[in-house]
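Chemist: 3D, please:
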Amino acid sequence: MQWKVLVGVLVVAGIVFAAMRIRRLSDDGTRTSVVGDYKAPTQRADAPAETAPVVQPDAAIAVEPAPAGVPAAAPETAPVEVTAKQLFADYEENEVSADSKYRDRALLITGIIDRVAKEPFTEKPYVQLSVDRFNGVAAYFADESRLGELKKGEKLVARCRGAGFSVMSPRLKDCAIEHLFRWEPAK
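Modeler: Here you go, the predicted structure:
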């Protein structure tokens, strides 16, 4: 009897957690959908319906050259090389500082594959790079076709874009396998 109550409480807690993760009420009273890093504002129930802004078809957009002495925007520099353990440690030490260093930047990350899994609600596949026994870095790949070939314990070097820190783990997006080191057992 007691285990049935415990299971019921855990199921209710899971449902509440999922609902909180998907829909949140922001400070200004608007409802915001949250899925991964995407936030889409939805209309308040008591707010009047908004119409889309009208764009004049003949409106021209003027692009001015950079002022003298100011260099034009340079193409993105070489990716920041970092290990999964260092990335995790930087986020654990100071999330704001780590975001300024890694978020939306090209990264070349090296780590040992802990597991290849799917998100519980979206079923989006990802690779977790091991940090320690309980923690890891979640890497989401643009091309998921090769994820079925990956195995736990292999060393992976991937070119990714930093996606911040979420659910107790640094996140990486738009990853592509750069190198994969397969470990062969000694014979």
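Chemist: Tell me if residue 122 really is in a helix.
Modeler: No: Residue 122: not assigned to a helix; according to DSSP: H, G, I helix; E, B strand; the rest coil it is coil.
Chemist: Now the element after the helix or strand containing residue 126, going C-ward?
Modeler: Element membership for residue 126, per DSSP states H and E: strand 125-130. Sequence order places strand 136-141 as the next helix or strand after strand 125-130, per DSSP H and E.
Chemist: how about low-confidence regions in the protein?
Modeler: In the predicted model, the chain carries pLDDT under 70 at residues 1-76, 183-187.
Chemist: in the chain, which spans are strands?
Modeler: Along the chain, counting by DSSP state E, strands occupy 23-25, 31-35, 38-42, 80-83, 106-118, 125-130, 136-141, 155-166, 169-181.
Chemist: I'd like to know which of these is closest to residue 97.
Modeler: strand 155-166 (11.4 Å; Cβ to Cβ). C-beta coordinates here come from the backbone N, C-alpha and C atoms, glycine included.
Chemist: Please work out which residues outside the strand holding residue 126 touch it.
Modeler: 84, 109, 111-119, 136-141, 144, 147, 150, 156, 158, 169, 175 (Cβ atoms under 8 Å, 6 or more residues apart in numbering).
Chemist: Return the set of buried residues in it.
Modeler: Within strand 125-130, the residues that qualify as buried are 126-130, counting by 16 or more other Cβ atoms under 10 Å.
Chemist: Domain-wise, how is this structure divided?
Modeler: The chain is divided into the following domains under automatic domain parsing: 2-42, 80-181.
Chemist: residue contacts, residue 147?
Modeler: Counted by Cβ under 8 Å, 6+ apart, residue 147 has contacts 116, 125, 127, 141.
Chemist: With respect to residue 77, which of these is nearest?
Modeler: residue 141 (22.9 Å).
Chemist: how close does the closest residue to that closest one other than its chain neighbours get to residue 162?
Modeler: Using Cβ to Cβ, 6 or more residues apart in numbering and skipping the chain neighbours, the partner closest in space to residue 141 is residue 175 (4.6 Å). Computed as Cβ to Cβ, to the nearest Å, the residue 175 to residue 162 distance reads 11 Å.
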